[in-house]
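A.B. asks: Sharing a model that was predicted from the sequence below.
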Amino acid sequence: MDTLVRYAVEGPVARLTLDSPHNRNALSTALVEQLHEGLTRAAAEQHVRVVVLDHTGRTFCAGADLSEASKDDKVRDPAEIVADRAREMTRLLRRILEFPLPVIAAIDGHVRAGGLGLVGACDIVVAGDASTFALTEARIGLAPSIISLTLLPKMTARAAGRYFVTGEKFGTAAAAEMGLVTVAADDVAATVTELASAIALGSPQGLAESKALTTASILDDFDLHAESLTQSSAALFVSDEAREGMLAFLEKRPPNWAG
């Protein structure tokens with residue numbers, strides 16, 4: 001199996017690097033599973049105090065792997081397949097939220113659609129000045145259903161009301177102003193190192209319990225709505241409108257909604 005998530009430990013820091021440049025680090029089934037494996041390894045490291053989630057290439061994460069989502073399956077019901085993939089995403093976001101170690105997202109590139117769900121789930125987000133963000137689901141007949149569970153608690157209501165529906169790109173300064181990004185940094189690596197060093201002074205118990213205070217209400221809401229949003233997301237994915245939207249995206253043409 002190709003390595004899509006590289007794992008390394010540097011002192012108290014476990015680094016998970018998204019390394020799937022051929023599809024802009026899209027959230028394929030394999031990449032999601034390797035992220036879980038990396039988190040499991042990090043949790044087992046006695047001296048690790050913080051996880052850094054970073055990336056290779058110019059894109060942190062492009063969201064769902066639409067080429068994988070569009071593949072035919074002759075055996076299983078397409079709705080069932082899509083629901084399973086939606087649950088993969090739900091499980092990953094919850095894993096990050098409930099993970100006992102703080103997770104820092106180190107972003108020096110672009111983030112789209114479902115990739116913003118990862119950003120919302122992380123405890124601290126450091127983004128470079130040239131990074132851009134966009135929630136593009138509505139443009140292909142979808143909605144940011146599952147990722148709303150991690151985004152709505154972090155973004156201002158006005159920002160969500162705008163960017164959920166416009167699909168506009170916004171920069172790091174705007175992302176920081178709305179609460180999605182913690183630090184807009186000239187030097188992402190140096191800022192992450194400084195934050196990780198501060199976190200490393202904490203004890204395992206102190207870090208876990210302190211983080212839990214910040215995620216408790218998010219997790220409560222997450223568990224209340226996750227399954228219904230998973231079902232909603234799956235229904236959107238197999239709709240005629242979304243099928244046209246995804247094909248148009250892959251074929252680089254305007255969608256024909258009337259069709």
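C.D. replies: Ah, there it is.
A.B. asks: quick one, helices of this protein?
C.D. replies: Remark: helices assigned in the chain by DSSP state H are 29-44, 66-69, 78-98, 115-121, 148-151, 157-166, 172-178, 188-199, 204-237, 240-250.
A.B. asks: most packed of those?
C.D. replies: Most buried of the helices of the chain, by mean neighbour count (mean count of other CB atoms under 10 Å): helix 115-121, with a mean of 27. To be clear about C-beta, it is placed using only N, CA and C from the backbone, and glycine gets the same treatment.
A.B. asks: Would you mind checking which helix or strand in this structure has the lowest mean pLDDT?
C.D. replies: Taking mean pLDDT, DSSP states H and E as the measure, helix 66-69 is the helix or strand of the chain with the lowest mean score, a mean of 71.
A.B. asks: Give me the helices and strands touching that one, please.
C.D. replies: For helix 66-69, the helices and strands in contact under the criterion 3 or more CB pairs under 8 Å, 6 or more residues apart in numbering; DSSP states H and E are helix 78-98, helix 240-250.
A.B. asks: Work out which residue lies at the spatial centre of the protein.
C.D. replies: L118 (2.0 Å; CA atoms, centre = their mean).
A.B. asks: who touches it in this structure?
C.D. replies: With contacts defined as CB atoms under 8 Å, 6 or more residues apart in numbering, the neighbours of L118 are L53, F60, C61, L92, L93, I96, A105.
A.B. asks: got CSV for those residues, with pLDDT and distance to V126 too?
C.D. replies: Written out in CSV, the entries for the contacts of L118 read as follows (pLDDT from 0 to 100; distance: CB to CB, whole Å):
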residue, pLDDT, distance to V126
L53, 98, 11
F60, 98, 11
C61, 98, 15
L92, 97, 20
L93, 97, 19
I96, 98, 16
A105, 98, 7
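A.B. asks: Which member of the residues you listed is positioned nearest A226?
C.D. replies: Minimum distance to A226 across the contacts of L118 is 8.7 Å, recorded for L93 (CB to CB).
A.B. asks: quick one, what contacts the closest one?
C.D. replies: Remark: with contacts taken as CB under 8 Å, 6+ apart, L93 is in contact with G117, L118, G120, A121, I146, I147, L149, T150, F222.
A.B. asks: got the contact list for K211?
C.D. replies: Taking CB under 8 Å, 6+ apart, we find K211 in contact with F99, P100, L101, P102, D123.
A.B. asks: at 7 Å instead, please
C.D. replies: Under the criterion of CB atoms under 7 Å, 6 or more residues apart in numbering, the contact list for K211 reads P102, D123.
A.B. asks: Mind pulling the model confidence for it?
C.D. replies: In the prediction, the pLDDT value recorded for K211 is 98.
A.B. asks: Quick check: it vs E98, distance?
C.D. replies: Distance check for K211 against E98: by CB to CB, to the nearest Å, it reads 9 Å.
A.B. asks: Take the contacts of L118 and lay them out in CSV including distance to G11.
C.D. replies: What follows is the contacts of L118, written out as CSV (distance: CB to CB, whole Å):
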residue, distance to G11
L53, 17
F60, 24
C61, 26
L92, 26
L93, 27
I96, 22
A105, 19
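A.B. asks: Nearest to T132 among the residues you listed?
C.D. replies: Using CB to CB, these come closest to T132 at F60, 10.1 Å.
A.B. asks: Show me the shaky parts of the chain.
C.D. replies: Low-confidence regions of the chain, defined by pLDDT under 70, span residues 69-76, 259.
A.B. asks: Go ahead and confirm A208 touches F99.
C.D. replies: No: using CB atoms under 7 Å, A208 is not in contact with F99, being 8.9 Å away.
A.B. asks: give me the beta-bridge partners of the closest residue to H55 other than its chain neighbours?
C.D. replies: If the residues on either side of it in the chain are set aside, H55 comes closest to L18, at 4.2 Å by CB to CB, 6 or more residues apart in numbering. Beta-bridge partners recorded for L18 (DSSP bridges): V5, H55.
A.B. asks: Hmm, L18 is touching T3, no?
C.D. replies: No: L18 sits out of contact with T3 when judged by CB under 7 Å, with a separation of 10.9 Å.
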